[in-house]
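Engineer: no sequence for this one, just the structure:
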Ligand code: 5GP
Ligand code: MN
């Protein structure tokens, strides 16, 4: 047992949070951890910087999700657990408030360098496919059996971060856990349906439009697309998940990096990077102040969309040059 386990045992009121626009791994891991802590007799609130995306609404059947509202006080807590990221600056304004509240911060994360974040105690493994896999390990270490809600949470984490078992991080632990979760009652096809087959009627047109903005650069090794605020506004109103754009771009022969830039409403640009092959997009994202994994990383740039597209193309060109081959 480590300091992390001791903290979980010792404290009483837990506030679970994560990065802005929490994804399936983040909310799945929070779901599972909330049930583990409840089984240990703790008080738990999940309090995120942004509301739960509609696609994850099925989690609400057994788990409560709250989110930051500037006018409302923070939920009472003795300790903060940060899941699927390790820095309060990724938690937006809620992160600033949590820092000011001054309670201990514990981190559960699987990103490169997450042991050097804001956590005073950490439960991290950069080799783990998903944060939810780490929470599954915690259940074992505390000797608590998974209930169905927690099993669904862990399953959501695994499928979110492995692209439904397609990516190279889908290792033996992932498949072993998935088998065990399905045996425990998780209905995989129902979850797939809830995640991907409840799309707005505009979603196909939005996907086509976004793909239409993509261009191939660096001698066909980079696919890059920029989505402006007008597009992001329409996508937001249709609950369209722009991650759907990444995989068709990554599927083309010769592509080594995909870059998707989204203009933010507060100015700035969010960039998502995906790699195929040897390029390390985590290093590219880190150079922009972001991070992630070798094959999936992101950053927020304080640039206009046009300047962001140029800067990212340049950085990717430099990385591709370093791995050898032509970029023009
Ligand atoms: P996505 O492109 O889906 O937002 O993120 C891809 C991966 O990079 C995820 O694991 C995500 O947590 C990480 N990531 C995305 N944006 C940032 C960022 O601004 N900073 C850091 N450190 N990691 C990020
Ligand atoms: Mn994750």
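Structural biologist: Noted; the coordinates are in hand. Just so it is clear, the model here is predicted, and its values are computed rather than measured. Ligands and ions are numbered 1, 2, ... in the order given.
Engineer: any idea which element residue 307 lies in?
Structural biologist: Element membership of residue 307 [criterion: DSSP states H and E] is helix 305-322.
Engineer: what sits against the nearest residue to residue 196 once chain neighbours are set aside?
Structural biologist: Nearest residue to residue 196, sequence neighbours excluded (C-beta to C-beta, 6 or more residues apart in numbering): residue 55, at 7.8 Å. (Glycine included, C-beta is placed from N, CA and C.) The contact partners of residue 55, taken as C-beta atoms under 8 Å, 6 or more residues apart in numbering, are 24, 194-196, 198, 239, 241.
Engineer: which SS class is residue 55?
Structural biologist: Each residue gets one of three states, and residue 55 gets helix by DSSP: H, G, I helix; E, B strand; the rest coil.
Engineer: mind checking how far it is from ligand 1?
Structural biologist: 14 Å (C-beta to the nearest ligand atom, to the nearest Å).
Engineer: ok, the helix holding residue 307 near ligand 1 or not?
Structural biologist: No. Using C-beta under 6 Å from any ligand atom, helix 305-322 stays clear of ligand 1, coming no nearer than 12.4 Å.
Engineer: quick one: buried residues of that helix?
Structural biologist: Residues of helix 305-322 classed as buried by neighbour count (16 or more other C-beta atoms under 10 Å): 305, 308-309, 311-313, 315-317, 319-320.
Engineer: helices or strands up against it?
Structural biologist: Using 3 or more C-beta pairs under 8 Å, 6 or more residues apart in numbering; DSSP states H and E, the elements in contact with helix 305-322 are strand 215-217, strand 222-227, strand 257-263, strand 269-275, helix 281-287, strand 296-301.
Engineer: so the fourth one versus strand 296-301, what angle?
Structural biologist: Between the axes of strand 269-275 and strand 296-301, defined by axes from the mean of the first three to the mean of the last three C-alpha atoms, to 10 degrees, the angle is 160 degrees.
Engineer: what pairs with strand 269-275, parallel or antiparallel?
Structural biologist: Next to strand 269-275 in the sheet, as set by DSSP bridges, lie strand 257-263 (antiparallel), strand 296-301 (antiparallel).
Engineer: repeat that for the shortest one.
Structural biologist: Strand pairing for strand 215-217, using DSSP bridges, gives strand 222-227 (antiparallel).
Engineer: in whichever helix or strand comes after the strand it pairs with, what counts as buried?
Structural biologist: Next helix or strand after strand 222-227 toward the C-terminus (DSSP H and E): helix 229-237. Across helix 229-237, burial judged by 16+ other C-beta under 10 Å covers 231-232, 235.
Engineer: now the closest residue to ligand 2 within the stretch 201-328 of the chain. Nearest residue, chain neighbours left out?
Structural biologist: Proximity to ligand 2, evaluated over the stretch 201-328 of the chain using C-beta to the ion, is greatest for residue 293 at 8.2 Å. Distance criterion C-beta to C-beta, 6+ apart; nearest residue to residue 293, sequence neighbours excluded, is residue 282 at 5.6 Å.
Engineer: how about residue 98?
Structural biologist: Leaving aside its chain neighbours, residue 98 sits nearest to residue 80 (5.4 Å; criterion: C-beta to C-beta, 6+ apart).
Engineer: pretty sure residue 122 sits against residue 111.
Structural biologist: No. Counting by C-beta atoms under 8 Å, residue 122 stays clear of residue 111, with 11.3 Å between them.
Engineer: mutual contacts of the two, please.
Structural biologist: Shared contacts of residue 122 and residue 111 (C-beta under 8 Å, 6+ apart): residue 86.
Engineer: more crowded one of these two?
Structural biologist: residue 111 (24 against 21; other C-beta atoms under 10 Å).
Engineer: who in the protein is up against ligand 1?
Structural biologist: Proximity of the chain to ligand 1 (C-beta under 6 Å from any ligand atom) is limited to residues 85, 90, 111, 272, 290-293, 296-300.
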